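Colleague: Sharing a model that was predicted from the sequence below.
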Amino acid sequence: MALTGIVFAVFLLNWLAVGFSWRRVKQITKPLAMILVIFWTLAAASWDVNTLLLLLVMAQIFGLAGDVFLLLQSRWFLPGLGAFLMGHLFYISILGWCLFRGIRIMGFMSQWTGGIILSLGIWAVILTSFYGFVAPKSPRLTMPRALWIPIQVYGWVLSVLVILSMLVVITEPIFTLPGLFLVLGAFLFYISDSLLAYDRFKRKMPKVNVWIMVTYHLAQFSLALGFLACFGYGWGLFG
């Protein structure tokens with residue numbers, strides 16, 4: 001649909017604005033990108049709003065709120081973190097429903113065992129890397145101790161988002177390629193937030209903000225596509 005092209009055009013404009021420090025353009029395109037993702041989601045679902053779609057849109061609205069908070073001064077970082085955390089919890093609630101549906105329809109199948117073990121192994125790697133990349137090191141702490149607690153909560157919730165997206169794909173009654181966008185979106189979110197945390201609390205990396213936004217926007221769009229596919233829309237989303 002034409003709206004898909006508009007969404008990615010605004011994504012690209014924001015990436016350029018971040019890369020070339022076009023401050024005013026960045027302030028407009030960052031929230032506009034998520035607003036368009038929300039409209040794209042509703043349009044792809046033919047504006048047929050049900051409970052699941054409402055949960056998805058709520059997750060995206062909290063993502064939009066997080067974007068706005070992070071555009072403000074640094075004292076708004078925690079409200080931004082909280083907004084993204086709430087968005088992840090909405091995403092997780094939908095994944096829980098998808099996982100329950102798959103198990104209810106199929107029952108537990110022995111061929112899932114290998115995939116579940118692999119998913120748990122990846123979860124352990126994610127948490128290990130999270131603490132390795134982000135954890136403050138004594139005696140020179142790189143963040144206030146009070147900030148480290150909510151960041152840990154956020155890291156665990158984000159890791160649950162990743163693992164559940166994998167389990168949903170494994171247990172789906174009917175495998176669909178668009179469903180893989182759930183896993184892609186969750187991993188891209190993890191990459192984006194890891195880059196953000198490392199740059200903010202560990203070591204500044206030149207031009208990393210571009211990659212933070214690229215992975216973030218692709219994560220939000222991939223999650224929208226994957227969830228809608230889980231709801232039964234499939235490749236027709238682009239039609």
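Modeller: Sure thing, it's come through.
Colleague: Residue 80 - how many residues pack around it?
Modeller: Using other Cβ atoms under 10 Å, residue 80 has 18 other residues around it. Any C-beta I mention is one placed from the backbone N, CA and C, and that applies to glycine too.
Colleague: Spatially nearest residue to it, not counting backbone neighbours?
Modeller: Across the structure, with Cβ to Cβ, 6 or more residues apart in numbering as the measure, the residue nearest residue 80 apart from its sequence neighbours is residue 69 (3.4 Å).
Colleague: wait, isn't that neighbour in contact with residue 83?
Modeller: Yes - using Cβ atoms under 8 Å, residue 69 is in contact with residue 83, at 6.0 Å.
Colleague: Please point out which parts of the longest helix belonging to the chain sit buried.
Modeller: If you go by DSSP state H, the chain has its longest helix at helix 77-106. Of the residues in helix 77-106, those buried under the neighbour-count criterion (16 or more other Cβ atoms under 10 Å) are 77, 80-92, 94-95, 98-99, 102.
Colleague: for that helix, packing partners?
Modeller: Counting contacts by 3 or more Cβ pairs under 8 Å, 6 or more residues apart in numbering; DSSP states H and E, helix 77-106 packs against helix 51-71, helix 145-171, helix 180-201, helix 208-230.
Colleague: Would you reformat these as a markdown table and include distance to residue 112 and mean neighbour count?
Modeller: Formatted as a markdown table, those follow (distance: least, Cβ to Cβ, whole Å; neighbours: other Cβ atoms under 10 Å):
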| stretch | distance to residue 112 | mean neighbour count |
| --- | --- | --- |
| helix 51-71 | 23 | 19 |
| helix 145-171 | 5 | 19 |
| helix 180-201 | 15 | 21 |
| helix 208-230 | 17 | 23 |
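Colleague: what's the closest of these to residue 3?
Modeller: The closest of the helices and strands packed on helix 77-106 to residue 3 is helix 208-230. By Cβ to Cβ, the value is 11.6 Å.
Colleague: how about the nearest residue to the spatially most central residue of the chain, chain neighbours excluded?
Modeller: With distances taken as Cα atoms, centre = their mean, the chain has residue 189 as the residue nearest its mean C-alpha position (4.0 Å). With sequence-adjacent residues excluded and distances taken as Cβ to Cβ, 6+ apart, residue 189 is closest to residue 219, at 4.1 Å.
Colleague: Report the inter-axis angle for the longest helix of the chain versus helix 145-171.
Modeller: Taking axes from the mean of the first three to the mean of the last three Cα atoms, to 10 degrees, one finds that helix 77-106 is oriented at 20 degrees with respect to helix 145-171.
Colleague: Helix 77-106 - what's its average pLDDT?
Modeller: Model confidence over helix 77-106 averages 89 on the pLDDT scale.
Colleague: Quick one: mean pLDDT for whatever helix or strand comes next after that helix?
Modeller: Sequence-wise, the next helix or strand downstream of helix 77-106 (DSSP states H and E) is helix 113-134. For helix 113-134, the per-residue pLDDT values average out at 83.
Colleague: And helix 113-134, what does it pack against?
Modeller: helix 145-171, helix 180-201.
Colleague: quick one: contacts of it?
Modeller: Judged by Cβ atoms under 8 Å, 6 or more residues apart in numbering, the contacts made with helix 113-134 from elsewhere in the structure are 151, 155-156, 159, 162-163, 166-167, 170, 190, 194, 197-198, 201-202.
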